[in-house]
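In: With the sequence up front, the predicted model follows.
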Amino acid sequence: MSTERTTSTPPRRTARALLSVALLVIAPFTWWWTIDVPLLRATALSVWALLAVALFLALGAARSDRRRWVVGVAVLEGAFVLFSLWAFWFAQRVPAGHPPQRAPDFTLGDQDGRTVTLSAELARGPVLLVFFRGHW
């Protein structure tokens, strides 16, 4: 008895295509989950790794399974990765601006709860303003 197929049907890669979509959705959230690791926070390496795996799975599925929706998933994921690259490298740049020569006068509390006024501090000598930004 022969088990050969008489007609050749292309393999179905539904699971691979769906897994690639799941990874694509999860990828941006990994940045928040790994925000306490300085290298991952600064480079978004976890996001890029999951996007690469998702695109690899989608392209592999589309190469084997030529159904429209599988090919569409691969095309959309490729477009999303290209958009993400553009946004990460070009769109996030701060536009050129002209900083003021002097900071406007302000009154704020310091770390000990005392009130500090910029003009009073300038009267005593030069002032260095340091703005701390980040995740605590």
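Out: Structure received.

In: For residue 54, what are phi and psi?
Out: phi -60, psi -50 (degrees, to the nearest 10).

In: What confidence value was assigned to the closest residue to it other than its chain neighbours?
Out: Take residue 54 and drop its neighbours on the chain: the residue closest to it by Cβ to Cβ, 6 or more residues apart in numbering is residue 23, 3.8 Å away. Yep, even glycine has a C-beta here, placed from its N, CA and C like the rest. Listed pLDDT for residue 23 reads 96.

In: secondary structure class for residue 23?
Out: Secondary structure for residue 23, judged by DSSP: H, G, I helix; E, B strand; the rest coil, is helix.

In: ok, now how distant is it from residue 62?
Out: 15 Å (Cβ to Cβ, to the nearest Å).

In: Do a quick rundown of the helices in this protein.
Out: Secondary structure of the chain (DSSP state H): helices at 14-33, 38-43, 45-64, 68-86, 118-124.

In: what's the burial count for residue 119?
Out: 11 (other Cβ atoms under 10 Å).

In: Check the one 3 residues further on too.
Out: Taking other Cβ under 10 Å as the criterion, the count of residues near residue 122 is 13.
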